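Chemist: model this:
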Amino acid sequence: MDEIRYEFMRPQQIIAAREKTPVAYIPIGPLEWHAPHLPYGTDMLHAYAMAYEAGRETGGVVLPPLPLGTETYTEPERLRYQGFQGHERVMGVDFPGFPLTSLYVEESALGIIVRELVRGLKRQDFRVIMLVNGHGAPNQRSLFTRLATEESDPGRVIVALTGFRFVTRYRGHAELGETSFMLAYHQETVDLAALPPESTPLRNLEFAVLDGPTCAGQPLPDFTVRAEQDPRHATAERGKDDVAYEAHHIALAVQEHLASLHGAGA
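Modeler: Numbers count the residues shown, from 1 in each chain. Model prediction:
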């Protein structure tokens, strides 16, 4: 298979890839707390896996993962979903008492960096530029949505947002889905023994393991993780299957974007 990882490609390889398929993927995710059993790079690595597997299906190039992401203080209603009282000041998943904070960056700084990467790829004549987002923060998604709209050039260049909360089959944090992904792609980084035995319920506030319904505003009465999304039930097989599903749906979107440009005479 031809090399598609941008950082390993020589100029003539990048040009050949662009001439064949003018698509570039930018995977993005912060270095963020993912409970004690997963590494800080989970979001970034997930975005990269989605982008790489999609790139294998479509062609084009895949940039190195960008280890950046932004967050805001969580609003009172969401805090109560997680088990807080609602008056606390909590940035993202940096819950009180955790031994290490996440490396979030200010929203405008993230926007400048991603926008400059997009503009550089436009100067290199890539026609479809996919922002593959591995982080679920609403302000990050809004930022990238606006950036994609502003940097697209109708009929010539499409910048689009995809990734977490667009094609994934789960919506939680550090739960079964993300743990399964890491077991599939980076098993050596996962330490399930850092979580309590399966007989002990996982409390949201203790670990910041959040299942999908909790993130959607439907927590259990005791603010614990549902059994069907318990990370201790994760498998590598599930992780491989999830990424294959995600990458295929991203590839379908890319093919639609390329077809629309072709139809516009680009």
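Chemist: residues in contact with residue 102?
Modeler: Residue 102 sits next to 30, 31, 32, 33, 40, 71, 91, 92, 93, 94 when contact means CB atoms under 8 Å, 6 or more residues apart in numbering. The way it works is simple: take the backbone N, C-alpha and C, and place the C-beta from them, glycine included.
Chemist: and if we set it to 6 Å?
Modeler: 32, 33, 92, 94 (CB atoms under 6 Å, 6 or more residues apart in numbering).
Chemist: wait, the second one sits on residue 93?
Modeler: Going back to what we said before, that points to residue 33. Yes: contact criterion CB atoms under 6 Å: residue 33 and residue 93 qualify, at 5.2 Å.
Chemist: Validate this expectation: residue 161 resides in a strand.
Modeler: Yes: counting by DSSP: H, G, I helix; E, B strand; the rest coil, residue 161 is part of a strand.
Chemist: from here on, count from 424
Modeler: Happy to do that; since the first residue is 424 now, the last one works out to residue 584.
Chemist: identify the bridge partners of it.
Modeler: Residue 584 has these beta-bridge partners by DSSP bridges: residue 554.
Chemist: got the contact list for residue 441?
Modeler: Residue 441 sits next to no residue when contact means CB under 6 Å, 6+ apart.
Chemist: quick one: pLDDT of it?
Modeler: Note on residue 441: pLDDT of 98.
Chemist: repeat that for residue 591.
Modeler: 60.
Chemist: elements contacting the helix or strand of the chain with the lowest mean pLDDT?
Modeler: Between all helices and strands in the chain, the lowest mean by mean pLDDT, DSSP states H and E belongs to helix 635-638, at a mean of 92. Judged by 3 or more CB pairs under 6 Å, 6 or more residues apart in numbering; DSSP states H and E, helix 635-638 is in contact with no other helix or strand.
Chemist: what do you get if the cut-off is 8 Å, keeping everything else the same?
Modeler: For helix 635-638, the helices and strands in contact under the criterion 3 or more CB pairs under 8 Å, 6 or more residues apart in numbering; DSSP states H and E are helix 499-505.
Chemist: just how off-centre is the least confident helix or strand of the chain within its chain?
Modeler: Put simply, helix 635-638 sits 17 Å off its chain's centre (CA atoms, centre = their mean, to the nearest Å).
Chemist: and whatever helix or strand comes next after that helix, what's buried?
Modeler: From helix 635-638 onward toward the C-terminus, using DSSP states H and E, the following helix or strand is helix 659-686. Buried residues in helix 659-686, counted by 16 or more other CB atoms under 10 Å: 659, 661-663, 665-666, 669-670, 672-674, 676-677, 680-681, 684.
Chemist: all helices for this protein, in order.
Modeler: For the chain, applying DSSP state H gives helices covering 434-443, 465-481, 499-505, 530-546, 561-574, 599-608, 627-630, 635-638, 659-686.
Chemist: residue 580: which of those is closest?
Modeler: helix 530-546 (5.7 Å; CB to CB).
Chemist: tell me which other helices or strands the closest one touches.
Modeler: Using 3+ CB pairs under 8 Å, 6+ apart, helix 530-546 is in contact with strand 446-451, strand 551-556, helix 561-574.
Chemist: and the longest one, what does it pack onto?
Modeler: Contacting helix 561-574 under the criterion 3+ CB pairs under 8 Å, 6+ apart are the following elements: helix 530-546, strand 551-556, strand 581-586.
Chemist: how about the second one?
Modeler: Strand 551-556 sits against strand 446-451, helix 465-481, helix 530-546, helix 561-574, strand 581-586, helix 659-686, with contacts defined as 3+ CB pairs under 8 Å, 6+ apart.
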